[in-house]
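# need a 3D model of the sequence below.
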Amino acid sequence: MTERSHPGSLTPGIVPGRLPAEDYAENFSDLHPRLDRHEALVAADRCYFCHDAPCITACPTDIDIPLFIRQIATGTPEAAAKTILTQNIMGGMCARVCPTETLCEEVCVREVAEGKPVLIGQLQRYATDILMEQGIHPFTRAPDTGKRIAVVGAGPAGLACAHRLAMLGHGVTVYDARPKPGGLNEYGIASYKTTDDFAAREVDWLLKIGGIAVETGKALGREVTLDELKSDFDAVFLGIGLGGVNALNLEGEDKDGLRDAVDFIADLRQAGDLSRLPIGRDVVVIGGGMTAVDAAVQAKRLGALNVTLVYRRGRERMNASVYEQDLAASSGVRIVTNASPVAVIGNGAVREIEFEYTDDALKPTGQTFRLAADQVFRAIGQTLEGAGLPDLDGRKIAVTGAGRTSIQGIWAGGDCASGGDDLTVTAVAEGRDAAMDIHATLTAEG
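Numbers count the residues shown, from 1 in each chain. Sure, this is the predicted structure:
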């Protein structure tokens with residue numbers, strides 16, 4: 001990341017063009033460029049090819065990691081890609097955004113013994129990128145079953161479900177409220193993690209299986225209803241994600257300059273010219289998850305002078321991984337923990353945020369401080385939106401087994417469903433497994 005003196009960096013308020021034009025391209029370039037062939041072979045050579053590999057158990061999609069690394073080591077990355085994609089059809093994106101440092105790489109025997117794991121995520125990207133760039137889709141559809149399934153939500157869970165169902169011979173129609181398919185992969189992930197329009201290219205590649213129709217701009221409860229879908233299709237899968245954003249519940253929260261971090265990230269992902277995207281001079285991000293870190297780091301890379309991420313609990317309780325926290329700190333983001341917002345200060349527009357320190361039990365200590373802020377991003381979690389949904393478990397759709405809901409014929413998975421981590425790789429696993437259960441159910445029914 002590059003920071004240079006530029007007149008725009010000191011300008012108060014929320015303005016575009018804070019950096020020299022050339023800095024935007026560098027600041028939003030690929031965080032981890034793909035390994036070349038020699039680098040991949042060296043990295044693959046470090047794998048012990050464990051028979052009872054702990055990395056497989058740690059992978060939510062159960063990829064046979066030693067097998068695909070051996071296939072890379074023997075010069076057949078296309079075969080390695082098929083091994084990956086058989087379990088995780090979105091293996092390319094997961095290689096870019098999956099927190100491998102807390103999953104497969106954390107339990108790698110090399111990590112445990114030496115503190116330096118096999119580069120599983122980067123090797124996965126190496127293999128899947130090669131296959132996709134060749135335009136190869138290694139799967140074919142089974143004969144048409146005559147069954148039709150509606151998938152609501154074109155995010156990781158919905159697309160994984162749709163692909164597996166299509167591969168099994170079913171006809172699938174995917175509905176999504178946004179203008180483009182992809183869900184959080186398209187709208188919710190930091191730009192430097194998925195460059196060169198990869199999310200859209202991966203969707204196009206996935207759809208090569210055939211048998212999947214995608215209808216965008218159609219939201220559940222607006223253009224389509226659950227009753228209509230249940231009537232028109234043999235089964236329904238809900239992968240609608242979490243559309244609502246939790247509020248701070250503070251007086252003055254409606255002041256100019258406060259917005260949801262997910263909207264900021266979506267605008268950045270869809271921006272054609274980053275220099276035109278306005279950013280504050282003094283930015284405060286409230287939250288401790290991946291969305292908070294992505295918003296904070298990107299605010300800094302857009303040229304914000306001061307970026308502070310504030311989280312109500314201790315650093316060890318942050319949902320963002322240690323790697324992500326370190327990335328934020330190395331990008332110039334200040335991280336303040338054990339502090340909760342108590343007041344928004346400003347006349348019409350935010351000028352300061354007042355916080356109060358809390359102990360580990362979130363009990364206020366009475367000590368307060370203020371941060372200058374002309375832009376504040378809320379990243380304190382999202383909520384499920386929608387009426388007439390199946391029964392809920394807390395704030396999400398209750399599911400049993402492989403995504404079965406309280407309504408017969410309706411399955412759910414991904415962020416909208418109970419259980420599991422809110423990760424792309426988990427959503428893919430849940431969509432895939434629900435598809436297999438839907439297939440088994442429809443096959444049994446005849």
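
# let me know how buried Ile353 is, in neighbour terms.
Per other Cβ atoms under 10 Å, the neighbour tally for Ile353 reads 26. Yep, even glycine has a C-beta here, placed from its N, CA and C like the rest.

# again, but for Ala213
Neighbouring residues of Ala213 were enumerated by other Cβ under 10 Å; the total is 12.

# ok, now Arg148?
Using other Cβ under 10 Å as the criterion, Arg148 is surrounded by 17 other residues.

# ok, it touching Val174?
No - taking contacts as Cβ atoms under 8 Å, Arg148 lies outside contact range of Val174: 11.9 Å.

# now do the phi/psi pair for the closest residue to Thr424 other than its chain neighbours.
By the measure of Cβ to Cβ, 6 or more residues apart in numbering, the closest residue to Thr424 outside its immediate chain neighbours is Pro156, 4.8 Å from it. The phi/psi pair for Pro156 (degrees, to the nearest 10) reads phi -60, psi -40.

# try Val307
With angles defined as degrees, to the nearest 10, Val307 shows backbone torsions of phi -130, psi 120.

# so what's it up against?
Taking Cβ atoms under 8 Å, 6 or more residues apart in numbering as the definition of contact, the neighbours of Val307 are 283-285, 296, 299-300, 332-334.

# cutoff 7 Å now
Residues in contact with Val307, defined by Cβ atoms under 7 Å, 6 or more residues apart in numbering, are 283, 296, 299-300, 332-334.

# so which of these are in strands?
Secondary structure assignment (DSSP state E) places 283, 334 from the contacts of Val307 within strands.

# need the contacts of Val307 in JSON lines (columns: distance to Phe28 and neighbour count).
What follows is the contacts of Val307, written out as JSON lines (distance: Cβ to Cβ, whole Å; neighbours: other Cβ atoms under 10 Å):
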{"residue": "Val283", "distance to Phe28": "17", "neighbour count": "29"}
{"residue": "Ala296", "distance to Phe28": "15", "neighbour count": "32"}
{"residue": "Ala299", "distance to Phe28": "12", "neighbour count": "26"}
{"residue": "Lys300", "distance to Phe28": "11", "neighbour count": "22"}
{"residue": "Gly332", "distance to Phe28": "15", "neighbour count": "16"}
{"residue": "Val333", "distance to Phe28": "16", "neighbour count": "23"}
{"residue": "Arg334", "distance to Phe28": "21", "neighbour count": "15"}
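
# with distance to Cys50 and pLDDT added, can I get the contacts of Val307 in TSV?
As requested, these are arranged in TSV below (distance: Cβ to Cβ, whole Å; pLDDT from 0 to 100):
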residue	distance to Cys50	pLDDT
Val283	45	98
Ala296	37	98
Ala299	41	98
Lys300	40	97
Gly332	39	96
Val333	37	98
Arg334	41	98
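
# which one of the contacts of Val307 sits closest to Lys193?
Distance from Lys193 was checked for each of the contacts of Val307 by Cβ to Cβ. The minimum falls on Ala296, at 14.1 Å.

# I'd say Ala271 and Pro278 touch.
No - contact criterion Cβ atoms under 7 Å: Ala271 and Pro278 do not qualify, at 10.6 Å.

# ok, then the element right after the helix or strand of the chain with the lowest mean pLDDT?
Taking mean pLDDT, DSSP states H and E as the measure, the helix or strand of the chain with the lowest value is strand 244-245, at a mean of 88. Later in the chain than strand 244-245, the nearest helix or strand by DSSP states H and E is strand 258-260.

# could I get the average pLDDT for that next one?
The predicted model gives strand 258-260 an average pLDDT of 97.

# with stretch 23-41 instead?
For stretch 23-41, mean pLDDT is 95.

# what's it in contact with?
When contacts are taken as Cβ under 7 Å, 6+ apart, the neighbours of stretch 23-41 outside the stretch itself are 1-2, 4, 43, 72-73, 122-123, 125-126, 129, 191-193, 195, 274-275, 301.

# now, which of the residues you listed lie within helices?
By the criterion of DSSP state H, membership of the contacts of stretch 23-41 in helices covers 43, 72-73, 122-123, 125-126, 129, 301.

# can you list those residues in CSV and add neighbour count and distance to Ile345?
Listed next are the ones in helices among the contacts of stretch 23-41 as CSV, based on neighbours: other Cβ atoms under 10 Å; distance: Cβ to Cβ, whole Å:
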residue, neighbour count, distance to Ile345
Ala43, 19, 51
Ile72, 27, 55
Ala73, 20, 59
Gln122, 19, 45
Leu123, 27, 50
Arg125, 24, 45
Tyr126, 24, 50
Asp129, 18, 48
Arg301, 26, 27
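
# just flag the most distant two among those.
With distances taken as Cβ to Cβ, the most widely separated pair in these is Ala73 and Arg301, at 35.8 Å.

# hang on, the earlier thing: out of the ones in helices among the contacts of stretch 23-41, flag the one nearest to Ala95.
Arg125 (3.6 Å).

# does the closest one touch Cys94 like I think?
No - counting by Cβ under 7 Å, Arg125 stays clear of Cys94, with 9.1 Å between them.

# what is the burial count for His32?
Other residues close to His32 by other Cβ under 10 Å number 13.

# do a quick rundown of the helices in the stretch 201-350 of the chain.
According to DSSP state H, counting those that start in this stretch, the stretch 201-350 of the chain carries its helices in the segments 226-232, 261-270, 290-301, 322-330.

# and among these, the most buried is which?
When neighbours are counted by mean count of other Cβ atoms under 10 Å, the highest per-stretch mean among those falls to helix 290-301, a mean of 27.

# now do it and helix 261-270, the angle between them.
With axes from the mean of the first three to the mean of the last three Cα atoms, to 10 degrees applied, the angle from helix 290-301 to helix 261-270 works out at 50 degrees.

# which other helices and strands contact helix 290-301?
Other helices and strands packing on helix 290-301, by 3 or more Cβ pairs under 7 Å, 6 or more residues apart in numbering; DSSP states H and E, are helix 261-270, strand 282-286, strand 306-310, helix 322-330.
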